[in-house]
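Need coordinates for the following:
(chains A and B)
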Amino acid sequence: MKKSEMKKSEINELERILANEEELQPMTGFSTRVMRAVREEEAATTPIAFPWTRFLPGFLINLGLLLGAAVWMILEPGSSSPAQLIPAEWFSDPQAQGLLWVALTVVGTGALAWTTSRWIAAQRTASF
Amino acid sequence: MHSIHKSPGEDESTVDRVLAGDIDAFEEIVLRWQAPLLNLAYRFSRDRGLAEEMAQEAFLKIFRSLERWRRDAKFSTWMFSVALNHYRTTMRRHIPPSVELTELDAVTGAGDLADEMDAVANDGVVRRAVALLPAKYRDAIVVYYFTQQDVAETAGTLGLRPGTVKARLHRARKLLKTKLRALGHPLAVATQESER
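I've put the predicted structure just below:
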């Protein structure tokens, strides 16, 4: 046999062996196991959607207040310090003004914590 | 033999449903492609249990990255390339079943495989020898024969140009021949004797 012919037959033999491989069939329940893993993965990784509908109104109100305060301060040059945003006649005592700010901060933080916890509880209920 | 050429339209509509939130629709993809993905995994691992595990993980990866399928490639080509990447990574951590000369000598006694092994066993040696090729040649051979000798499909799956695939196949066959000769495989031995 010629050398080139032998090489060709050798390649043909390799082709035959590599191309004709017996096909394996998946074990019973393979697709069920895959789908179980897919569902577990989906349940574990579903991201909590950002609550734009709740965030935007608050954000816009705060932005409006901030802009309003800025405009007010520009129109009233003598009122550049935040403490002076409160009319002076409300409190003649500077300590009372400080207390008002502290109270507002505590109330604001409490409201934020309450809203957040309610929102998380609602998301958990929805996911089960 | 399994068919890797299925209706692309079916895949596309199923993927659309999964992406729209119908997770159960993914089972259609699993049922349609479980045999090809399992067989591709087996051609890398030569271990049935490991192949099932690899195929299951590949489906999870495909599910996770469905959104990244750009529709310029066939779903099957994209899916096989995702699976292939996973199989490669897994195989880096697993040593494929060895067909080293010393092991075959121990099995066959004198190392004369032509007398000792039947045709089925010889075919098995060739297939396991493929798993021992350097990764880039192994991948070319495995995917080429898996895609039923479709160079374009192989190139798409491997992310290579068809010319590169052909060059790697040529080199892979040469390396395979050298390895089989070292193992005393009758196919390579016959060639060697005729060349003298």
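
Going by neighbour count, list what's buried in the strand or helix carrying B:D11.
Using DSSP states H and E, B:D11 sits within helix B:8-19. Neighbour-count burial for helix B:8-19 flags B:D11, B:T14, B:V15, B:V18 (criterion: 16 or more other C-beta atoms under 10 Å in any protein chain shown). Backbone N, C-alpha and C define where each C-beta goes, glycine included.

Just give the nearest non-adjacent residue to the most centrally placed residue in chain B, would you?
Geometric centre of chain B, nearest residue: B:V142, 3.6 Å, by C-alpha atoms, centre = their mean. In space, and not counting its chain neighbours, B:V142 is closest to B:R43: 4.7 Å by C-beta to C-beta, 6 or more residues apart in numbering or on different chains.

Based on its surroundings, how many neighbours for A:T105?
A:T105 sits with 10 neighbouring residues when counted by other C-beta atoms under 10 Å in any protein chain shown.

Give me the three-state assignment for it.
Of the three states, A:T105 takes helix according to DSSP: H, G, I helix; E, B strand; the rest coil.

Mark out where each domain of the chain begins and ends.
Since no chain was named, I'll use chain A. A:49-85, A:86-128 (automatic domain parsing).

hmm, I had chain B in mind actually
B:1-94, B:96-196.

Tell me the pLDDT of residue 38.
Using chain A here. pLDDT recorded at A:V38 is 93.

nope, chain B please
Looking at B:L38, the pLDDT reads 95.

who does the helix or strand that it is a member of touch, helix- and strand-wise?
B:L38 belongs to helix B:26-45 when assigned by DSSP H and E. Counting contacts by 3 or more C-beta pairs under 8 Å, 6 or more residues apart in numbering or on different chains; DSSP states H and E, helix B:26-45 is packed against helix A:30-45, helix B:8-19, helix B:48-64, helix B:75-93, helix B:119-131, helix B:135-146.

what angle do the longest one and helix B:8-19 make?
Helix B:75-93 runs at 70 degrees relative to helix B:8-19, counting by axes from the mean of the first three to the mean of the last three C-alpha atoms, to 10 degrees.

And B:W78, how far from chain A?
Applying C-beta to the nearest C-beta, to the nearest Å, one obtains 18 Å for the distance of B:W78 from chain A.

Equivalent analysis for B:D123, please.
5 Å.

Neighbours of that residue, how many?
B:D123 has 19 neighbouring residues, counting by other C-beta under 10 Å.

What of B:R43?
Applying other C-beta under 10 Å, we find 22 residues neighbouring B:R43.

cool, and A:W101?
13.

Look up which helix or strand it falls in, please.
Judged by DSSP H and E, A:W101 forms part of helix A:94-127.
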